[in-house]
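K.L.:
Requesting a structural model of the entry that follows:
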Amino acid sequence: MTRQNVTFSIGSIALIDKADAQTGFFKTVFGGLGGRAKDFIPAVKLLMVNKLEESVAIHRLLDFMPMEKLSLLGFRKGISDRTLNRTLERLGENSKFVIDKYQKWVKENKLDDKIQNVDFSSSYFEGNECTLAKLGYSRDHQPGKPQITYGISIGANRIPTALTIQKGNINDRKHMKKMLKLCTRILVLGSLLVFDCGGNTKRNKIAILKLGFNYLTLKGKKVGPYKEAVAFFRAAVQEKIENPYLTGIEGFFILESSLDLEASELLRLYREKDVVEKFIRDLKEGAEMRPIRHWSDDAVIGYVLLVFLTNALVNLTQYLAKSPVVKNLKVLKKYLNNLTVSVIYPKGWFKMEVITNFSAELVALFGDFLKKYGQIELQIWR
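P.N.:
Next up, the predicted model:
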């Protein structure tokens, strides 16, 4: 029987395979979790690949998935969308276990940075069945839709170390307490936590110091404390504010820190907190986390965890590449999806695999690694 020639995208598979080859990610984080399900890790890989490609609904994921692509992910035979949904639920059921193993993997590979940037965000639902879904302050500008909130801690090296998932009506002050419990499992003494004013409370700062960490945070912009601080720096300068709509604190912000550093250094550290903001943006826009359409709590938690770990692998690949050309995930996906392999079945001959569209933007990420998937049509890096 003559098999039909087929062409499909290989970039996302290559990305997670290379990260796994260099760090043993999947065996460490998911080993022993599948039980009798022998295709559990391949199913996780397939769900990750989907978030790095078209991010289609699970019930449509297998419609145009050739067996040649499934075999590269480790499948020995086909898989059903029911199994994929069950994989998400299993991830949610064992989320604490997975996060714990993930943090151990981070430490084993010496990826834990002493400077950790913490931020919180939310993603909204299409539906009302999940008990985690609550109305709250919407960062997605969807105030009428239920949501969940989540917290991210990521090192200055762009490797995330912690994920917390809470109901949609939990504010940042309470959420910060959950994050601190998780940070204690991985951070070394003296680590610096950088976060916004949402988590800046007296209790949280005291808790951080008791844990042996330091903090750098933005002081909430309230007129009283800010006026006092502004007056201190202006010393004896007397100003009369004639405009009743001006408070005298415009253009000022105050940073608080337990470290005694130069103001310029504290400002630099706080500005570099945008690494976590970019990570969250990649979760939402690059990996297309929103809207969330799963119903059960376990499936929702598993889904958020899967997207988090997918983006962690992207950042890891860029970190190991030292000087990646493309850092934004939404842009990177275009190059990954254009990278294709054609499987050709010549009559009466062995099959051939030819890789095409290996762009200059991907050279820093993959180098010679792609040769395992076939012959590269244009070796542009030489």
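K.L.:
Quick check: which element contains the nearest residue to residue 185 once chain neighbours are set aside?
P.N.:
The shortest distance from residue 185 to any non-neighbouring residue, by Cβ to Cβ, 6 or more residues apart in numbering, is to residue 103 (5.6 Å). In this view, the C-beta of every residue, glycine as well, is placed from N, C-alpha and C. Per DSSP states H and E, residue 103 falls inside helix 95-108.
K.L.:
That helix: which residues count as buried?
P.N.:
Neighbour counts over helix 95-108 (16 or more other Cβ atoms under 10 Å) mark 95, 98, 99, 101, 102, 103, 105, 106 as buried.
K.L.:
Am I right that the first one is in contact with residue 182?
P.N.:
No: the pair residue 95 / residue 182 is not scored as a contact, 11.5 Å apart, by Cβ atoms under 8 Å.
K.L.:
What residues of the helix or strand of the chain with the lowest mean pLDDT count as buried?
P.N.:
Lowest mean confidence among the helices and strands of the chain (mean pLDDT, DSSP states H and E): helix 223-234, at a mean of 73. For helix 223-234, the neighbour count (16+ other Cβ under 10 Å) marks 226, 230 as buried.
K.L.:
What of stretch 28-45?
P.N.:
28, 29, 30, 33, 34, 39, 40, 41, 42, 43, 44, 45.
K.L.:
Let's have those residues in TSV, adding secondary structure.
P.N.:
TSV is the format used below for these (DSSP: H, G, I helix; E, B strand; the rest coil):
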residue	secondary structure
28	helix
29	helix
30	helix
33	coil
34	coil
39	coil
40	helix
41	helix
42	helix
43	helix
44	helix
45	helix
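K.L.:
Spatially, which two of the residues you listed are the most separated?
P.N.:
Using Cβ to Cβ, the pair of the buried residues of stretch 28-45 lying farthest apart is 28 and 39, separated by 18.6 Å.
K.L.:
Need the distance between the two termini of stretch 68-80.
P.N.:
Terminal residues of stretch 68-80 lie 16 Å apart, using Cα to Cα, to the nearest Å.
K.L.:
got a list of what residue 198 touches?
P.N.:
120, 171, 172, 173, 176 (Cβ atoms under 8 Å, 6 or more residues apart in numbering).
K.L.:
I'd assumed it was in a helix, is it?
P.N.:
Yes: counting by three-state DSSP, residue 198 is found in a helix.
K.L.:
Relative to residue 161, how far out is it?
P.N.:
Going from residue 198 to residue 161 by Cβ to Cβ, to the nearest Å gives 19 Å.
K.L.:
Return the closest of the buried residues of stretch 28-45 with respect to residue 315.
P.N.:
residue 29 (15.0 Å).
K.L.:
Could you check how far that closest one is from residue 305?
P.N.:
Distance, residue 29 to residue 305, using Cβ to Cβ: 10 Å.
K.L.:
next one: residue 118
P.N.:
18 Å.
K.L.:
So the two - more neighbours on which side?
P.N.:
More neighbours surround residue 118 than the other of residue 118 and residue 305, with 27 against 21 (other Cβ atoms under 10 Å).
K.L.:
so the more buried one sits in a strand?
P.N.:
Yes: residue state for residue 118 (three-state DSSP) corresponds to a strand.
K.L.:
Without its sequence neighbours, what residue ends up closest to it?
P.N.:
Using Cβ to Cβ, 6+ apart, the closest residue to residue 118 is residue 195 (4.2 Å).
K.L.:
so what's that neighbour up against?
P.N.:
117, 118, 119, 176, 215, 216, 217, 273 are the contacts of residue 195 under Cβ under 8 Å, 6+ apart.
K.L.:
on that earlier part again, put the buried members of the contacts of residue 198 into a PyMOL selection.
P.N.:
Here is the PyMOL command that selects the buried residues among the contacts of residue 198 (16+ other Cβ under 10 Å):
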select buried, resi 120+172+176
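K.L.:
Make a markdown table from the contacts of residue 198 and add pLDDT, secondary structure and distance to residue 358 to it.
P.N.:
As requested, the contacts of residue 198 are exported to a markdown table (pLDDT from 0 to 100; DSSP: H, G, I helix; E, B strand; the rest coil; distance: Cβ to Cβ, whole Å):
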| residue | pLDDT | secondary structure | distance to residue 358 |
| --- | --- | --- | --- |
| 120 | 96 | strand | 39 |
| 171 | 93 | coil | 47 |
| 172 | 93 | helix | 43 |
| 173 | 93 | helix | 48 |
| 176 | 95 | helix | 44 |
